[in-house]
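Chemist: attaching a predicted model along with its sequence, questions to come.
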Amino acid sequence: MEKDTGTLKIEWAGQFMPVLSRIREQFVKEQPLHGVTIGMALHVEAKTANLVMTLAAGGAEVYITGCNPLSTQDDVAQALNRVPHVHCFAERGCSVEEYYAAIDKVLDAKPSVTIDDGMDLIHYIHTKRRELLSTVIGGCEETTTGIHRLHAMAAEGKLEFPVVAVNDTPMKHHFDNVHGTGESVLSAVMITTNVLIAGKYLVVAGYGFCGRGLARKAHGLGAKVIVTEVDPRKALEAHMDGFLVMSMAEAARLGDIFVTVSGNAHVINSTHFSQLKDGAILANAGHFNVEIDIDWLEAHASGKESRDGIDTYLLDGKRIHILAEGRLVNLATPKGMGHPAEVMDLSFALQALCARYITEHGKELSGGVYEVPEAIDVQVADQKLASLGITIDTLSDEQKTYLSNWDAGT
Ligand SMILES: NC(=O)c1ccc[n+]([C@@H]2O[C@H](COP(=O)([O-])OP(=O)(O)OC[C@H]3O[C@@H](n4cnc5c(N)ncnc54)[C@H](O)[C@@H]3O)[C@@H](O)[C@H]2O)c1
Ligand SMILES: N[C@@H](CCSC[C@H]1O[C@@H](n2cnc3c(=O)[nH]cnc32)[C@H](O)[C@@H]1O)C(=O)O
């Protein structure tokens, strides 16, 4: 029988995820998640499916929905629903009401472990489904903004179970945020617009992990990269990395393509729209759909024309093109594939091992945000290097002694 497209996509991605595959083999043997119900809100596509299947192979009953109304690949969601012990409620293009209804369905399963990308599940549990607080052992969070939200909750004493900050560990943000975002955002912009990057002014708003990766890769394609920032240290770093640094008010007049990766609201707003060149292309790769003030454009543009993944607003006789409705361009544009599989191999290996960690240790921890245990981070790095056939040096006893000594000077 011919395989369906969703299964083919899952198998394709799985080939490039050797660390997660190895964890899956271990999970099959050891069944560390036996009897555990896991609730997830992640981008439902092929690499995520490999994570879901790893958790199910480890003995879990997995309930999953999307973490963005536009990022689900429906054929993958359908394929997941044919996997034993997996229940998927995600659908591409759902309304906001349908999005939260699907979150409710995941929570109806009374998960003891949550895996979030953006903290929507945890927010919903703490605000609308508080009866579940007694059954959740703990959770894992995938992304920077989710972790900002968790810290804000914890600071107000409102986070009632432990959550592992997967994003904050080196094996996540040095690879996923930097290389994953850099490559997948540019490929999504190119496949959606078919425009040339070389020679264009490409404005990157926010020079954190994602912004740095994006700026470097855009430079590699020949773009003249402009960085905007609010943190003077990051701005200086961008300057010394060789990029033009200026305010968004200045960049608005110059830029051909804009990508926001700040995790902040209205980074491109009404004060900038009127300054843009005719035909400027705007995309967000940060969080939700708030980085570009699209509500203002909706209210003030004199016209709007839509084509696949592009909304063109008319403002004062000029065209402003917004990609993917201002949602994560690398996942939400119709042909967006998300991060490359080799990168999600690392992020999702961490997620699988952290789900196991929280299952085994969550009850010992109180409400709050926790770092990924270093042993897990190092294990993922070791396994990735092994899969690449790369060997590195090890510390000799003499070197270990030297490094732990405070007495040896010049
Ligand atoms: N598209 C993806 O697949 C993807 C991948 C990883 C992370 N993310 C998201 O991307 C965002 C950035 O993540 P990160 O890890 O790079 O975070 P980060 O904290 O390392 O960087 C964000 C940067 O934006 C800057 N900033 C904040 N407000 C700004 C403003 N008004 N103008 C210009 N700069 C501003 C901050 O000073 C900071 O340097 C987050 O929302 C994260 O959740 C998206
Ligand atoms: N739910 C929010 C969160 C931002 S997603 C950012 C996260 O997406 C993750 N991500 C990027 N590409 C993929 C992918 O292809 N599959 C699954 N997750 C991905 C990545 O790990 C990153 O931290 C929103 O949609 O606006």
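Modeler: It's in. Ligands and ions are numbered 1, 2, ... in the order given.
Chemist: now the closest residue to G66 other than its chain neighbours: how far from Y99?
Modeler: Nearest non-adjacent residue to G66, counting by C-beta to C-beta, 6 or more residues apart in numbering: A90, 3.8 Å away. Where C-beta positions appear, they are placed from N, C-alpha and C, glycine not excepted. A90 sits 9 Å away from Y99, going by C-beta to C-beta, to the nearest Å.
Chemist: enumerate the residues of the stretch 1-150 of the chain near ligand 2.
Modeler: L42, H43, E45, K47, T48, C67, N68, D117, G118, E142, T143 (C-beta under 6 Å from any ligand atom).
Chemist: try 8 Å
Modeler: Contact residues (C-beta under 8 Å from any ligand atom) of the stretch 1-150 of the chain with ligand 2: 41-43, 45-48, 67-68, 71, 117-118, 120, 142-146.
Chemist: restrict those to contacts with ligand 1.
Modeler: Filtering these for proximity to ligand 1 by C-beta under 8 Å from any ligand atom leaves G118, T143, T144, T145, G146.
Chemist: show the contacting residues for the second one.
Modeler: Spelled out, it's T143. Listed by C-beta atoms under 8 Å, 6 or more residues apart in numbering, the contact set of T143 reads D117, G118, N167, H287.
Chemist: my guess is the first one contacts L42, does it?
Modeler: Yes. Counting by C-beta atoms under 8 Å, L42 is a contact partner of D117 at 4.8 Å.
Chemist: give me the common contacts of these two.
Modeler: Counting by C-beta under 8 Å, 6+ apart, the common neighbours of D117 and L42 are C67, E142.
Chemist: just to revisit the earlier point, farthest pair within the ones next to ligand 1 among the residues of the stretch 1-150 of the chain next to ligand 2?
Modeler: Across these, the longest distance by C-beta to C-beta is 9.6 Å; it joins G118 and T144.
Chemist: residue contacts, I191?
Modeler: When contacts are taken as C-beta under 8 Å, 6+ apart, I191 is in contact with T333, K335, G336.
Chemist: run the contact check for the strand or helix carrying it versus ligand 1.
Modeler: Using DSSP states H and E, I191 sits in helix 181-193. Yes. Using C-beta under 8 Å from any ligand atom, we find that helix 181-193 touches ligand 1 at T181, S184, V185.
Chemist: alongside ligand 1, which residues does the stretch 251-400 of the chain contribute?
Modeler: Contacts of the stretch 251-400 of the chain with ligand 1, taken as C-beta under 8 Å from any ligand atom, map to 260-264, 267, 285-287, 328-331, 338-339.
Chemist: could you list the domains of the chain?
Modeler: If you go by automatic domain parsing, the domain ranges for the chain are 5-172+339-388, 179-332.
Chemist: returning to what we had before: only whichever of the contacts of T143 are buried, select them in ChimeraX.
Modeler: The command below creates a ChimeraX selection of those among those that count as buried (16 or more other C-beta atoms under 10 Å):
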select :117,118,167,287
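Chemist: now whichever residue of the stretch 201-350 of the chain sits closest to ligand 2. Nearest residue, chain neighbours left out?
Modeler: Of all residues in the stretch 201-350 of the chain, G338 sits closest to ligand 2, at 2.0 Å by C-beta to the nearest ligand atom. Nearest non-adjacent residue to G338, counting by C-beta to C-beta, 6+ apart: L331, 4.7 Å away.
Chemist: tell me the SS of that neighbour?
Modeler: Going by DSSP: H, G, I helix; E, B strand; the rest coil, the secondary structure assigned to L331 is helix.
Chemist: per-residue pLDDT, it?
Modeler: Note for L331: predicted pLDDT of 97.
Chemist: hmm, it is touching P69, no?
Modeler: No. Judged on C-beta under 8 Å, L331 makes no contact with P69 at a distance of 10.9 Å.
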